[in-house]
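Colleague: just coords:
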């Protein structure tokens, strides 16, 4: 029996690591979806209606059900389309994947970039602190192809969309190579492996366009 | 065959909604645990060692496995001890429970209290905005005993530990009844139901001691 036609819509923004990772998961699972690019400055009535609390992308609509927040959306996707699982089965490993995802999104990414841009404690100190956090990830991925093990998983999508394909381009734009091969050999191997995955490659934003976008964000940090 | 002796340790702080909710879950499931009260100002070497990224309670140690962050700990507890389930089985309902938990911990609780204390836009505006967020919860619980349905669940523990038994006492301390019965009849019924659950009742901090503690936090907000 043919599967009933499913409605899958994603409200996203090309430069957002949060919606890019949702696209990675949908592509990896081969779920067709309608993509609705959003203006993150002049927010659409649809976005405001679907996510009235945070008013942010990504928003996934699946057969009328509305989901917000990328970690939750990724878990929902994994439980709804069971092929190519992206979460560990073991409860402890799953909790740890969520934990590191939180650290990446809350600390390594935004805090790291802001502190380097503001350089209130001196840029060298800010870089050192950001690298201390990134070193947790270096250790986590050591001896594995991906954070998820042999195959790409949840934490790869979260870390990949946020660090190499987003925040690192902000650091690059202000002249800082934050993740040099000499200091982070394992993370650099991991980035190469990530780029070999088609579902990821299709979700890497255009480099020049993204550096330009990140420089706008950097200017906002400076003046904040 | 007798179950192998399990090691369950919880590093917590009596006034923290984050560790109180973990205690609620352990008590509800009847899991014996060793409780290690922490000094949140002068942090213990054990806390710094177990949670080097956030350096915060709660930390759960289960047979040598270390877990941080209350939402993740609650999910781990639910998957490890299966009696009295606290999460919905349906993936969408589970995602929504996590979503509201995030809103409560990030927006309704801290942001609501800070904005009322600071009253930068006028206290009436701040109260109105906080109540708009609380109104989402009023709607969520309407027609149910608990957020989880007929029985207490994850979202009840998150919302209960954060709103009535923590932040509301901060508002009370500065003379604001934020959740009056006339505006939030359903939430007030829910609070009464919560207090009937023994596992919750045992985790409600002493009223006077907590108001005093919240007033210290309020003073920090004022001077920040």
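Modeller: Cool, the structure landed. Owing to the predicted nature of the structure, the values given are computational and were not obtained by experimental measurement.
Colleague: Give me the domain ranges for chain A.
Modeller: When chain A is parsed with automatic domain parsing, its domains come out as A:8-80, A:91-223.
Colleague: Generate TSV for these, with mean neighbour count and mean pLDDT as supplementary columns.
Modeller: All C-beta spots, glycine's among them, are computed from the backbone N, C-alpha and C. TSV is the format used below for the domains of chain A (neighbours: other C-beta atoms under 10 Å in any protein chain shown; pLDDT from 0 to 100):
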stretch	mean neighbour count	mean pLDDT
domain A:8-80	19	97
domain A:91-223	18	93
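Colleague: got a markdown table for those domains, with distance to residue B:24 too?
Modeller: Formatted as a markdown table, those follow (distance: least, C-beta to C-beta, whole Å):
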| stretch | distance to residue B:24 |
| --- | --- |
| domain A:8-80 | 22 |
| domain A:91-223 | 18 |
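Colleague: Tabulate those domains (TSV), appending distance to chain B.
Modeller: TSV is the format used below for the domains of chain A (distance: least, C-beta to the nearest C-beta, whole Å):
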stretch	distance to chain B
domain A:8-80	4
domain A:91-223	4
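Colleague: Quick check: which of these is nearest to residue B:166?
Modeller: In terms of C-beta to C-beta, the element of these nearest to residue B:166 is domain A:8-80, at 20.2 Å.
Colleague: Kindly check the end-to-end length of the closest one for me.
Modeller: 12 Å (C-alpha to C-alpha, to the nearest Å).
Colleague: again, but for stretch A:12-20
Modeller: End to end - C-alpha to C-alpha - stretch A:12-20 spans 8 Å.
Colleague: For it, give me every contacting residue.
Modeller: Outside stretch A:12-20, the residues within contact range by C-beta atoms under 8 Å, 6 or more residues apart in numbering or on different chains are A:10-11, A:22-23, A:35-38, A:40, A:56-58, A:70, A:105, A:109, A:161-162, A:165-167, A:203-205, A:209-210, A:213.
Colleague: give the contact list for the residue nearest the centre of chain A.
Modeller: Centroid-nearest residue in chain A, with C-alpha atoms, centre = their mean: residue A:161, separated by 3.1 Å. Contact analysis of residue A:161 by C-beta under 8 Å, 6+ apart lists A:17-18, A:20-21, A:24, A:203.
Colleague: Could I get the full set of strands for chain A?
Modeller: Taking DSSP state E as the criterion, chain A carries its strands at A:8-12, A:34-37, A:59-62, A:65-68.
Colleague: what about the second one, distance to the chain center?
Modeller: Shown here is strand A:34-37, whose average C-alpha point lies 18 Å from the average C-alpha point of the whole chain (C-alpha atoms, centre = their mean, to the nearest Å).
Colleague: Stretch A:107-127 too?
Modeller: With C-alpha atoms, centre = their mean, you get 19 Å for stretch A:107-127.
Colleague: Start and end of it, how far apart?
Modeller: Termini of stretch A:107-127 sit 13 Å apart (C-alpha to C-alpha).
Colleague: what does that stretch rub up against?
Modeller: Taking C-beta under 8 Å, 6+ apart as the rule, stretch A:107-127 contacts A:17, A:129-130, A:133-134, A:137, A:162-163, A:166-167, A:170-171, A:174, A:176, A:178, A:217-218, A:221-222, B:53.
Colleague: is it true that residue A:153 touches residue A:86?
Modeller: Yes - assessed by C-beta atoms under 8 Å, residue A:153 is found in contact with residue A:86 at 4.6 Å.
Colleague: ok, the nearest residue to residue A:46 once chain neighbours are set aside - contacts?
Modeller: Distance criterion C-beta to C-beta, 6 or more residues apart in numbering or on different chains; nearest residue to residue A:46, sequence neighbours excluded, is residue A:11 at 7.0 Å. By C-beta under 8 Å, 6+ apart, the contact list for residue A:11 reads A:19, A:36, A:38, A:46-47, A:50, A:57-61.
Colleague: same question, residue A:222
Modeller: A:117-118.
Colleague: residues near the closest residue to residue A:63 other than its chain neighbours, how many?
Modeller: Nearest residue to residue A:63, sequence neighbours excluded (C-beta to C-beta, 6+ apart): residue A:7, at 5.3 Å. Per other C-beta atoms under 10 Å in any protein chain shown, the neighbour tally for residue A:7 reads 11.
Colleague: the helices in chain A, which residues?
Modeller: Assigned by DSSP state H, the helices in chain A fall at A:17-29, A:45-50, A:70-80, A:91-103, A:110-118, A:123-141, A:154-162, A:168-173, A:185-196, A:198-201, A:207-223.
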